[in-house]
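**Q** from the sequence below, what's the structure:
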Amino acid sequence: MISNKIGFIGGGNMARAISGGLLRGGMHATDVFIAEPRPEQCAVLREELYGAMVTEDNAAVAREAEVLLFAVKPQILATVCSALAEVIQETRPLIMSIAAGPRIDDIDTWLGGNLSVVRVMPNQPALIDQGISALFANSVTRENQRDLAESIMSAVGQVVWLKSETEMDAVTAVSGTGPAYFYLLIDILIQSAIDFGLDPDTARTLAVETARGATALATAETETMADMINRVRSPGGTTTAAFEYLDKSNARGIFTDAIEAARQRAVELGEEASSNALNR
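**A** Just a heads-up that it's a prediction; the model follows:
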């Protein structure tokens, strides 16, 4: 069980997911501190995370935290960090950021420098403790701090460590954005089923449970996805007809290009955050 005091700057869905996962794992609510500027969201957090300190004051949370996790949009991260630099240089917590794009060196600079910083890319299934998070730490981060960061994110799913920070952009495009790709496919299946005459409830159940089962089987097996596909398709069958059309339409290429567009946007977000901070 984690006994460190953990602060969140930003109280949106991911902060709610992580803090909720920590409490479900046995962490004391009195060790959780959340700063959120929207009064209505503060009210929601106080109800959901009873006993945690919820405030609109970022500095108040920064003063209390042994681990400070930034859960704000990348476009405002530099401004938020810079405003807290003086406090953080005094308290020197472990810094974690889940913002897509901004680099560790920039985050460290905005906070005054020479801090232990861990970048994290979680994904939406963390909301039900089924997420996957990729982590990368700077050279200042000690082994026990890496272990602590891993324990925090393990509260909402699995964790992988990256060998280099540049890999984070690929993670953002694949697993960070990835749930939306699957939602799109599920939605296509639902709409097709409805178009074929099935009622909406049955269509949704068929599509969602098919996705659930396929994911569970892919997790259980060690075969490649190509082999898994071939186990479904048979010569002259329905799956073969579907995949012949997909291949003819370059569906794989379209999705590959879309994922690359997401990766490139992650790169741009990092560059924009750095550039905007320099121009302030």
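
**Q** return the distance of residue 87 relative to residue 172.
**A** According to C-beta to C-beta, to the nearest Å, residue 87 and residue 172 sit 29 Å apart. In short, each C-beta sits where N, CA and C put it, glycine included.

**Q** show me where the stretch 1-150 of the chain has helices.
**A** All helices of the stretch 1-150 of the chain, identified by DSSP state H, counting those that start in this stretch, fall at 13-24, 39-48, 58-64, 74-91, 104-110, 143-154.

**Q** tell me the buried residues in stretch 4-12?
**A** 5-12 (16 or more other C-beta atoms under 10 Å).

**Q** swap in stretch 40-49?
**A** 41-42, 45-46, 49.

**Q** and stretch 123-143, by the same measure?
**A** 123-127, 131-138, 141.

**Q** poorly predicted segments of the chain, please.
**A** Residue ranges of the chain with pLDDT under 70: 276-280.

**Q** find the residue at the geometric middle of it.
**A** residue 122 (2.2 Å; C-alpha atoms, centre = their mean).

**Q** and the angle for the longest helix that the chain contains with helix 74-91?
**A** Scanning the chain for the helix with the most residues, using DSSP state H, yields helix 251-278. Here the directions of helix 251-278 and helix 74-91 differ by 50 degrees (axes from the mean of the first three to the mean of the last three C-alpha atoms, to 10 degrees).

**Q** helix 251-278: which residues count as buried?
**A** For helix 251-278, a neighbour-count test (16+ other C-beta under 10 Å) marks 259, 262-263, 265-267, 269-270, 272-274, 277 as buried.

**Q** quick check: of those residues, which lies closest to residue 252?
**A** residue 259 (10.7 Å; C-beta to C-beta).

**Q** for the closest one, which non-adjacent residue is spatially closest?
**A** residue 173 (5.1 Å; C-beta to C-beta, 6 or more residues apart in numbering).

**Q** residue 177 now?
**A** For residue 177, the spatially nearest residue (C-beta to C-beta, 6+ apart) is residue 262, at 4.7 Å.

**Q** go ahead and confirm that neighbour touches residue 170.
**A** No. If you go by C-beta atoms under 8 Å, residue 262 and residue 170 don't touch, sitting 9.5 Å apart.
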